[in-house]
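[1] could you look at this predicted model? Sequence included:
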Amino acid sequence: MNLQSVVRQKLNRNFLNFYLFTVFLLWMKTYFTQITQFDLGVEGVFQHFLLFINPLGSALLFLGFAFLMKGRKKYIFIIIIYTLMTTLLYANVVYYRYFDDFLTLPNLSNTNNFGNLGGSVQALLEPTDIFYFFDILFIILLLILKKFKLDQTPIKRSQAIAILSFGLGIFCLNLGLAESDRPQLLTRGFDRNYIVKYLGIYNYQIYDAYQTTKANAQRAFADSNDAVEIVNYSKSIHAEPNPRYFGVAEGKNVIYIHLESIQEFLIDFELNGEEVTPFLNRMKKDPNTIYFENFFHQTAQGKTSDAEYMIENSFYGLPQGSAFITRGRNTYHAAPAILKDYGYTSAVFHGNGGSFWNRNEIYKSFGYDYFFDAKYFEIADDDRAEYGLMDKPFFEQSEPFLSSLPQPFYAKFITITNHYPFPLNEKLASIEKPNTGNNVVDGYFQTARYADEALEQFFQYLDEMNLLENTVIIMYGDHHALSEKYYDELSDLLDQEIGPVESAGLQRVPLFIYVPGIEGEINSTYGGQIDLLPTLLHLLGIDTKEFVHFGTDLLSEQHLELVPFRNGDFVSPKIYSVNDNFYDINTGNKITEDHVLYEEAIELKEKTEFTLQLSDQLVNGDLLRFYTPPEFTPVDRSKLDYSVPNNKNGY
């Protein structure tokens, strides 16, 4: 039975007209939102057609459940569902403006971060956003004015089923056409953009909920046999340490400095003839620094937390949400726990609330002895940034805590001033803004300079305290700052066109590895955040073969120069994969089936997807609970407490 036959059976015309009217409004609103607010990479007439029809099936189906209601309830139901779908659509629009990504169920359930967001959320809102909800008021007004007469005539069950079947049929048609253009769309769902482009924002949310539920179920059904494949894979990709570097930093302190939103293009970049990051530029050339110029961030929705997750564990972040939030109580063999067996004390310093990204829980699972969060700092109004304490007072107030740590120590400092939307009091600015007309882009260079100055002051302190001569310092960028929506302004500043290859290149972030006494260099090796843990452990003289890692030592001659991204794309010295297309890095041309590099590209793509799949199995199944490396002491969370003032650990 189709929609036409339902009408022939004298279904109440007033309600049918109201239903079709709301379906049309929701369909058009969603379509225009998807095509104007999301960068989905739609190509060709066929993909445009799919983008056009995919909201129709969702609108017909979800609003169609009203036909199962009686009396006025069916009108109320439509208004409620219409409002919920509009709210979900708008929430994705706001989220996408900064993250270039779509909401997932773990994001929606993560309320702990909201109270710490400061003014960043307000910066994402626009005055015209109110128009997303005007049509709801319009629909209600039409009912009040009786433009649609309320009719309480019962609807036959067969007619309701016909309406729902018609909506489901549109969805099945959409899915079939999508699969013809993108085979294995739902089974290879690394990239949310593809799901939204082909199936629409509402069907994507259903798909995401299914994937999240499936991932949560993996832990319940996992057993020790599942860990065997992961352990064997890790051993198979293990890169033997380079004798030139193995153990050169044995027994030294370790300091990680998390460079919030610092992208590689800032290094040596001049604005109006003035260096934006003069201190970092000098550190790049320091005789004790190895600087990696082809180092990439590999974060996804977890952003900063994904970066931390990778450097501590050498596992990838999750495809949905943040592992910090959803897998905080997993079993880990993280850097703080590994180094504890070698006499190290560990601590994290961060000027924001401890609940942000669930740090006060997952740090216990990592084995951190101390977590100095916002409770430990005095945050005056003039020193307050969007996400807590600004970098200069943050480093200054951290100094007494750092000095009190027993040596050797493993410490991590998470900076925050250079964070979207990059506001800075003009009194604190020491470099002129560019004049792009975009406040976010213009502000980025001033906050980056401020962060650079804060780093210089911190290094001066380390030198004065005689810590610099006995400390490995690793500074890394956590994720990109300026997404594709800012490429027009950035293209002018960098004086280059930003195509697919250049866009992938902009995922570079700086990596400085400072080791006293080492012979520094500019290193062109391709690598990512997943590779930092084995690199550090080998510098400290610790063999990593028995640990489960998905990255390899950047300094090893066996290091595989393949950098997987969370959406299934990758970069390598010869080939970039962008939006599932392959490009020759030397020419910028697309690699097609007749290209000499095509087979290699396919092989790298398969390796990328395989390693992401195994990492997800490990994390979702919590498989390290079934495996303990030799001579490793598991973490006892009950002995760790970051509260104030009754801290069991001594502070």
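    Okay, I see it.
[2] next, count neighbours for residue 381.
    5 (other C-beta atoms under 10 Å). (C-beta placed from N, C-alpha, C; glycine too.)
[3] go on, residue 147?
    Residue 147, neighbours per other C-beta under 10 Å, totals 12.
[4] do the same with residue 517
    Using other C-beta under 10 Å, residue 517 has 10 other residues around it.
[5] also residue 336?
    Counted with other C-beta under 10 Å, residue 336 comes out at 24.
[6] so it touches residue 312, yeah?
    Yes - with contact defined as C-beta atoms under 8 Å, residue 336 reaches residue 312; the gap is 7.4 Å.
[7] who touches both of those two?
    By C-beta atoms under 8 Å, 6 or more residues apart in numbering, residue 336 and residue 312 have these common neighbours: residue 366.
[8] against residue 86, how distant is residue 130?
    12 Å (C-beta to C-beta, to the nearest Å).
[9] ok, now residue 40?
    For residue 40, the distance to residue 86 - C-beta to C-beta - is 20 Å.
[10] re the thing from before, residue 130 and residue 86: which is more packed in?
    residue 86 (19 against 9).
[11] go ahead and confirm the more buried one touches residue 136.
    Yes - in this structure residue 86 lies within contact range of residue 136 using C-beta under 8 Å: 6.4 Å.
[12] quick check: closest non-adjacent residue to residue 440.
    Nearest residue to residue 440, sequence neighbours excluded (C-beta to C-beta, 6 or more residues apart in numbering): residue 421, at 5.3 Å.
[13] show me where pLDDT drops low in the stretch 101-250 of the chain?
    106-123, 187-191 (pLDDT under 70).
[14] hey, where'd the strands end up in it?
    Counting by DSSP state E, counting those that start in this stretch, one finds no strands in the stretch 101-250 of the chain.
[15] for residue 318, what are its contacts?
    Per C-beta under 8 Å, 6+ apart, neighbours of residue 318: 106, 215, 300, 301, 302, 326, 327, 616, 619, 620.
[16] give me the PyMOL select line for these, limited to the buried ones.
    Here is the PyMOL selection string for the buried members of the contacts of residue 318, based on 16 or more other C-beta atoms under 10 Å:
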select buried, resi 106+215+300+301+302+326+327+616+619+620
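[17] lowest pLDDT pick from the contacts of residue 318?
    The member of the contacts of residue 318 with the lowest pLDDT is residue 106, at 69.
[18] those helices in the stretch 451-600 of the chain, which residues are they?
    Counting by DSSP state H, counting those that start in this stretch, the stretch 451-600 of the chain has these helices, from start to end: 487-494, 500-505, 532-539, 598-621.
[19] closest to residue 583 out of those helices?
    Of all the helices of the stretch 451-600 of the chain, helix 500-505 sits nearest to residue 583, with 5.1 Å by C-beta to C-beta.
[20] once you drop chain neighbours, what's closest to residue 416?
    Per C-beta to C-beta, 6+ apart, closest to residue 416 is residue 387, 4.3 Å.
[21] likewise residue 409?
    residue 345 (4.7 Å).
[22] show me the contacts for residue 391.
    So residue 391 contacts 385, 415, 416, 417, 418, 450, 451, 454, 455 (C-beta under 8 Å, 6+ apart).
[23] distance of residue 286 from residue 473?
    10 Å.
[24] let me fix that: residue 166
    64 Å.
[25] who has more neighbours, the two?
    Set residue 166 next to residue 473 and count neighbours by other C-beta under 10 Å: residue 473 wins out with 26 against 18.
[26] what sits against the residue lying closest to that one once chain neighbours are set aside?
    Distance criterion C-beta to C-beta, 6+ apart; nearest residue to residue 473, sequence neighbours excluded, is residue 514 at 4.2 Å. For residue 514, the contacting residues are 283, 286, 288, 289, 472, 473, 474, 475, by C-beta under 8 Å, 6+ apart.
[27] quickly list what residue 514 is bridged to.
    Residue 514 has these beta-bridge partners by DSSP bridges: residue 289, residue 473.
[28] just to revisit the earlier point, nearest to residue 400, of the helices of the stretch 451-600 of the chain?
    Across the helices of the stretch 451-600 of the chain, closest to residue 400 is helix 532-539 (C-beta to C-beta), at 25.8 Å.
[29] which strands or helices does that closest one pack on?
    helix 304-313, helix 335-340, strand 471-477, strand 511-514 (3 or more C-beta pairs under 8 Å, 6 or more residues apart in numbering; DSSP states H and E).
[30] tilt between that helix and helix 304-313?
    Helix 532-539 runs at 30 degrees relative to helix 304-313, counting by axes from the mean of the first three to the mean of the last three C-alpha atoms, to 10 degrees.
[31] now what about helix 532-539, what contacts it?
    239, 241-242, 245-249, 254, 310-314, 335, 338, 472, 474, 476, 511, 513, 515, 543-544, 547, 549, 551-556.
[32] just the CA atoms of that helix, as CSV, please.
    The C-alpha coordinates for helix 532-539 follow below in CSV (Å, rounded to 0.1, in the frame of the first residue of the first chain):
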residue,chain,number,x,y,z
LEU,A,532,55.9,9.3,20.7
LEU,A,533,55.7,6.7,23.5
PRO,A,534,58.0,4.1,21.9
THR,A,535,60.4,6.9,20.8
LEU,A,536,60.6,8.3,24.4
LEU,A,537,61.0,4.9,26.0
HIS,A,538,63.9,4.0,23.7
LEU,A,539,65.6,7.3,24.5
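[33] same question for that helix, mean pLDDT?
    Regarding helix 532-539, the rounded mean pLDDT is 98.
[34] can you state the direction angle for it and strand 471-477?
    Helix 532-539 and strand 471-477 are oriented at 160 degrees to each other (the same axes, to 10 degrees).
[35] is residue 93 in a helix, a strand, or coil?
    helix (DSSP: H, G, I helix; E, B strand; the rest coil).
[36] residue 516 is in contact with residue 469, correct?
    Yes - using C-beta under 8 Å, residue 469 makes contact with residue 516 at a distance of 5.3 Å.
[37] out of the two, which sits in the busier spot?
    A direct count of neighbours by other C-beta under 10 Å for residue 469 and residue 516 places residue 516 higher, at 14 against 11.
[38] so the more buried one makes contact with residue 471?
    Yes - if you go by C-beta under 8 Å, residue 516 and residue 471 touch, sitting 7.3 Å apart.
[39] residue 446: neighbour count?
    25.
[40] one more: residue 400?
    Residue 400 - counted by other C-beta under 10 Å - has 9 other residues nearby.
[41] in a strand, it, correct?
    No - using three-state DSSP, the assignment for residue 400 is helix, not a strand.
[42] distance check, it against residue 55.
    From residue 400 to residue 55 the distance is 57 Å (C-beta to C-beta).
[43] thinking again about what came up before, who touches the residue nearest to residue 409 in this structure?
    So, once contact is read as C-beta under 8 Å, 6+ apart, residue 345 ends up touching 369, 370, 405, 406, 407, 408, 409, 410.
[44] which member of the residues you listed is positioned nearest residue 199?
    residue 410 (45.0 Å).
[45] and that closest one, what helix or strand is that in?
    For residue 410, the element it lies in under DSSP states H and E is strand 409-414.
[46] which elements pack onto that strand?
    strand 253-259, helix 304-313, helix 335-340, strand 345-350, helix 391-404.
[47] now for the helix or strand just after the second one, which elements pack on it?
    Right, the one you point to is helix 304-313. Under the assignment DSSP H and E, the closest C-terminal helix or strand after helix 304-313 is helix 323-326. Packing partners of helix 323-326 (3+ C-beta pairs under 8 Å, 6+ apart): helix 105-109, helix 304-313.
[48] what about the last one, distance to the chain center?
    Read that as helix 304-313. Relative to its parent chain, helix 304-313 has a centroid offset of 10 Å by C-alpha atoms, centre = their mean, to the nearest Å.
[49] same question for that helix, mean pLDDT?
    On average, helix 304-313 scores 97.
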